[in-house]
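Participant: what's the 3D shape of this:
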Amino acid sequence: QVQLVESGGGLVQAGGSLRLSCAVSGRTFGTYAWFRQAPEKEREFVAAMTSSGGRSDYADSVKGRSTISRDNAKNTVYLQMNSLKPEDTAVYYCAARTQWLTTRRESGYDYWGQGTQVTVSS
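Facilitator: This next block holds a predicted model:
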């Protein structure tokens, strides 16, 4: 059974950092991604990477402040977020797809985690 379980969210002050984790069980995938959904907004793409780490992609809103990575031995995907801003407040979701190609489309991902809340106070 495939499961993606996020952790690492919480309350942080603006300018702070958080590292989100996504523990993947059941199989490995070609591409992993992070999305987020702020209150009363649609879910949006944050970052994605191919399993080998050869390709990555970031939303402009987080580029330069965030890094997606993966620990192959632990089958865990991370999202390191620095210089956090109040507008980063959202529920963050981990997603995975079989294909070895990043995409920003939600529909491109087959498996999703339950989400972890990130709140950035000003």
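
Participant: So which residues of this structure form strands?
Facilitator: 3-7, 10-13, 18-25, 31-37, 44-50, 56-58, 66-71, 76-81, 90-97, 111-112, 116-121 (DSSP state E).

Participant: Can you tell me which of these is packed in deepest?
Facilitator: Sort the strands of the chain by mean neighbour count, taking mean count of other C-beta atoms under 10 Å, and strand 31-37 sits at the top with a mean of 24. Every residue, glycine included, has its C-beta placed from N, CA and C.

Participant: State the number of residues packed around the closest residue to T116 other than its chain neighbours.
Facilitator: Nearest residue to T116, sequence neighbours excluded (C-beta to C-beta, 6 or more residues apart in numbering): G9, at 3.4 Å. Neighbours of G9 under the rule other C-beta atoms under 10 Å: 17.

Participant: For G9, list the residues it contacts.
Facilitator: By C-beta atoms under 8 Å, 6 or more residues apart in numbering, the residues touching G9 are 18, 20, 91-92, 116-119.
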